[in-house]
Structure formats: structure tokens, C-alpha cells
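Chemist: predicted coordinates and the sequence they were generated for:
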Amino acid sequence: MKINHMALAAAGLLALSACAKNEAPVTVAPPVGPGAIAGTVAADRDGDGYVDGYYTSDGMYHAVQGPPCPPPPPPTAPRRGERG
């Protein structure tokens, strides 16, 4: 019984070894401009921690332009008077 398990494990390792590649890892390119966040195309140019825009592959910066935020909802009226 143990020989069957060993043979099955050996066959599995042999089958999976065909998928292994011995290639050099790809190095990451350095950031392209000021405020670039490493490993992404995003950029935080003013340093406040929020992404302000992104860089394209040609190194051009594009600011994120979205619609303005909606106003906050009005405060709820306090509950006064008779309850129940």
C-alpha cells in the first residue's frame, strides 16, 4: 500500500516538474515621476496619502478628475413631544 502512495507522489512530482521554468525574475521599473507609488501607475504628488493621478506608459501624468462630492444630508430633526 505504501509503495502505491510513493509511486503516486513520484508521478505527481514528475508531472508538476514539467511546468517549472528556470527563468530570471523580471525586475520592477523605477517610478517615473515625482510622487509615483512603487509598483503601480498611481501618483500621490502632494504627499497627503491620497492618489492624485496616474502615469501612463509614456511617462505623462494625468490628474484624477471626478465629479464633486455631494453635499452631506441635512441634520435630522430632534424628536420632541409625546412618544408612544
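Modeler: Ah, there it is.
Chemist: residues in contact with Pro68?
Modeler: If a contact means C-beta atoms under 8 Å, 6 or more residues apart in numbering, then Pro68 has no contacts. The C-beta positions use only the backbone N, C-alpha and C, and glycine is treated the same way.
Chemist: following the helix or strand bottoming out on mean pLDDT in the chain, which helix or strand shows up next?
Modeler: Ranked by mean pLDDT, DSSP states H and E, the helix or strand of the chain with the weakest confidence is strand 42-43, at a mean of 80. Once the chain leaves strand 42-43, the next helix or strand it forms, by DSSP states H and E, is strand 53-55.
Chemist: quick one: mean pLDDT for the following helix or strand past that following strand?
Modeler: Using DSSP H and E, the helix or strand that follows strand 53-55 towards the C-terminus is strand 61-63. Throughout strand 61-63, pLDDT has a mean value of 84.
Chemist: please name every helix or strand in contact with strand 61-63.
Modeler: strand 53-55 (3 or more C-beta pairs under 8 Å, 6 or more residues apart in numbering; DSSP states H and E).
Chemist: give the pairing partners of the strand it packs on; include direction for each.
Modeler: strand 42-43 (antiparallel), strand 61-63 (antiparallel) (DSSP bridges).
Chemist: nice, that's everything, thank you.
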